[in-house]
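> What follows is a predicted protein model with its sequence.
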Amino acid sequence: MALGLFIPPMTGAVSNLSVSGTIELTGAISPPTLSDIVNDYNPDGLDGATLLDLTTSDNIEITGIKAPSISKLLFIFNSGPDDIKLKNESLLSLESARMHIGGDKTIQNNESMLLYYPIAKGYWVALGQYI
């Protein structure tokens, strides 16, 4: 099965991206299984991670992810059997941990979402969703 990346139109975004050579993303972590609503998500190792490999024991919601100290890309991969819902602009998390992603996004089993935290904005944005 082929994976595709959907990148929605964004206002104020850079229109061209040029990459030559190899891009290496390091720092995959697999935190303990999630089973409930998670506010200001901050698993051990998040600061050095570019990939969160998440397992669920029930449908869960993440209302926010701890703000990094620098601009950061973060892949969220759902390796669990149940859905992960990322909540858009939820008041249950600190303002700096909120996701401004154009509506709630559901990540199903074996799907992922790419988030970006631009320090100048002070919140997470969605760059694309693998399906």
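Structure received.
> List the contacts of residue 51.
25, 27-29, 74-75, 77 (C-beta atoms under 8 Å, 6 or more residues apart in numbering). From N, CA and C alone the C-beta is placed, and that goes for glycine too.
> Can you show me the strands along this protein?
For the chain, the strands defined by DSSP state E cover 5-6, 28-29, 37-38, 51-54, 60-62, 72-78, 84-86, 99-100, 105-107, 112-117, 124-130.
> Pull out the buried residues from the contacts of residue 51.
With neighbours counted by 16 or more other C-beta atoms under 10 Å, those contain buried members at 74-75, 77.
> any idea how far residue 81 lies from residue 35?
From residue 81 over to residue 35 the distance is 12 Å, taken as C-beta to C-beta, to the nearest Å.
> between those two, what contacts are shared?
With C-beta under 8 Å, 6+ apart, residue 81 and residue 35 have common neighbours residue 56.
> Give me the pLDDT value at residue 2.
pLDDT, residue 2: 34.
> Residue 5 now?
On the pLDDT scale, residue 5 gets 41.
> wait, which of the strands of the chain is closest to residue 45?
Distance to residue 45, taken as C-beta to C-beta, is lowest for strand 28-29 among the strands of the chain, at 4.2 Å.
> Enumerate every residue touching residue 39.
Residue 39 makes contacts with 63-64, 90, 92-93, 97, as judged by C-beta under 8 Å, 6+ apart.
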